[in-house]
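Novice: Whatever this is, show me its structure:
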Amino acid sequence: MTTMTMKMAREEPAVSHTSRYALPTEPKDNGIRSNLCSGPLILLSHGDPTGFKPFWRSVGDKCKVTIDSCDFMSYLTDVGKVCWFLEKELEEAIRQLHRTVGNAATDDRYIVVGTGSTQLFQATLYALTSPGGPESVNVVSAVPYYSSYPEETNFLRSALYKWAGDAYTFDKEGPYLELVTMPNNPDGQVRGPVVNRNDGKLIHDLAYYWPQYTPITAQADYDIMLFTFSKSTGHGGSRIGWAVVKDKDVAIKMTKYVELNSIGVSRESQHRAAKILGAVSDSSQCIGANFFQYGKSLMAERWTKLREVISRSRLFSLPKYMEEYCQFSGEETEPHPAFAWLKCNNDIEDLEIFLRRYKIMGRGGRLFGSDPKLVRVSMLGDEETFNLFLERLSSIQDTIGNGNGNGNYI
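Specialist: Residues are numbered from 1 along each chain as shown. Have a look, this model is predicted:
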């Protein structure tokens, strides 16, 4: 009992038990004049990819899936496979899509399917740190890192691993895991590992390495690459993710984690994902019905509109991106990230709190290990929500620019 008590006494960042998807309460005034508007709440704190719905609505019955009541009754798909619950048609669709896009090497690799890439992230942490050692393995990522990494890493309070913060300032001895998100969430930049030591292992989160978000400049070829159905096609509700893994033993451990955590992955969801991923590969050969062409056009249009609004004032600014040659499209193009990393340039100290007063809900910079003058806002929502965001942002700039606002919001 004494030993267990000492282990639990290790200090770790607090884990919130409030759902990140729960609707927030209205901010309180606290004696400060409020700029709360009467319009609806604009929820931009999550990357809910409903903006792609018009394309899939136009597809009609081409991706319709019919499942009989006697289908998919067994847990098993192929016990001879490393990932024994992976549907054969989904594996084929995943490999074909990566060959079509050219964004990841899959030959001689193992595919592990999960309930979203979130489950696979946990499975990867387990696979790379088990059976464990005298000390927990440190997990790091360069600031600004994906805001859920710290919470997801520490949620189970595992003795195998623990969150250790910013890769730029990490200087502890011993083994470590570095999370490399490419392109990065929240700021859309393409970057590599930072720590670069022999005793470290890398996990590449490539959720946004698709042509609608960024130029495909090379075929990614890393030890572990995580992808998600939600960001590749917009189907977040199906809860499908996959990992492309070089090492068989790592793939076996990841599969074991998913087995113990959820006894596999919904076969119905896999069946649907296979149908849709196959349709995306097929559409990539078409001019009119190309999903990636549609997605890129949508994201480019939204970024153009947002930059036009931002340019009317000096209150806010956005990152700048360089054009690069995209091997998939065969043209020079600049990134159009899934999120805008919005910065406030005046004396407003906490941009998230400030925007809340106008009923715009973004995700503040502190959650990404960064400056509170920054906020991540989603570019992936439906058209009505995005246009309302632009209108309200423009109104904020007019208000502050006309001297009706001030820096009292902290």
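
Novice: which one is Leu86 nearest to, not counting chain neighbours?
Specialist: Residue nearest to Leu86 in three dimensions, not counting chain neighbours: Val113, with 4.7 Å by C-beta to C-beta, 6 or more residues apart in numbering. For every residue, glycine as well, the C-beta is placed using N, CA and C.

Novice: partners of the host helix or strand of the one you found in the sheet?
Specialist: Val113 is part of strand 110-114, with elements assigned from DSSP states H and E. Using DSSP bridges, the strands paired with strand 110-114 in its sheet are strand 241-245 (antiparallel).

Novice: Quick check: mean pLDDT of the strand it pairs with?
Specialist: Averaging pLDDT along strand 241-245 gives 98.

Novice: what does the strand holding Val113 contact?
Specialist: 82-83, 85-87, 90-91, 94-95, 120, 123, 240-246, 248, 251, 254-255, 258, 265, 270 (C-beta atoms under 8 Å, 6 or more residues apart in numbering).

Novice: Quick check: mean pLDDT of that strand?
Specialist: This predicted structure assigns strand 110-114 an average pLDDT of 98.

Novice: Moving C-terminal from it, which element do we reach first?
Specialist: helix 116-129.

Novice: Kindly export that next one (C-alpha atoms) in CSV.
Specialist: As requested, C-alpha coordinates have been extracted for helix 116-129 and formatted as CSV (Å, rounded to 0.1, in the frame of the first residue of the first chain):
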residue,chain,number,x,y,z
GLY,A,116,-11.0,7.7,-34.2
SER,A,117,-7.4,8.7,-34.1
THR,A,118,-7.9,9.6,-30.4
GLN,A,119,-8.1,5.9,-29.4
LEU,A,120,-5.1,5.2,-31.7
PHE,A,121,-3.1,7.9,-30.0
GLN,A,122,-3.6,6.1,-26.6
ALA,A,123,-2.8,2.8,-28.3
THR,A,124,0.4,4.2,-29.6
LEU,A,125,1.5,5.6,-26.2
TYR,A,126,0.9,2.1,-24.7
ALA,A,127,2.7,0.3,-27.5
LEU,A,128,5.8,2.5,-27.3
THR,A,129,6.2,2.5,-23.5
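
Novice: buried residues in that helix?
Specialist: Of the residues in helix 116-129, 116-117, 119-129 count as buried by neighbour count, 16 or more other C-beta atoms under 10 Å.

Novice: which of the residues you listed lies closest to Gly200?
Specialist: Distance ranking of the buried residues of helix 116-129 against Gly200, using C-beta to C-beta, places Leu128 first at 10.2 Å.

Novice: Touching, the closest one and Lys201? I think so.
Specialist: Yes: counting by C-beta atoms under 8 Å, Leu128 does reach Lys201; the two are 5.3 Å apart.

Novice: before we move on, the earlier item: from the contacts of strand 110-114, which would you call buried?
Specialist: By the neighbour-count criterion of 16+ other C-beta under 10 Å, the contacts of strand 110-114 include these buried positions: 82-83, 85-87, 90-91, 94-95, 120, 123, 240-245, 251, 254-255, 258, 265, 270.

Novice: which sections of the stretch 151-300 of the chain are below the confidence cut-off?
Specialist: Counting by pLDDT under 70, the stretch 151-300 of the chain has low-confidence residues at 287-288.

Novice: Helices along that one, start to end?
Specialist: Secondary structure of the stretch 151-300 of the chain (DSSP state H, counting those that start in this stretch): helices at 229-233, 248-262, 267-283, 291-310.

Novice: Would you mind identifying the next helix or strand past the longest one?
Specialist: If you walk from helix 291-310 toward the C-terminus, the next helix or strand you reach (DSSP H and E) is strand 316-317.

Novice: Okay, now the sheet partners of that following strand, with direction.
Specialist: If you go by DSSP bridges, strand 316-317 pairs up with strand 339-344 (antiparallel).

Novice: Run the angle between the partner strand and helix 291-310 for me.
Specialist: When axes from the mean of the first three to the mean of the last three C-alpha atoms, to 10 degrees is applied, the directions of strand 339-344 and helix 291-310 differ by 10 degrees.
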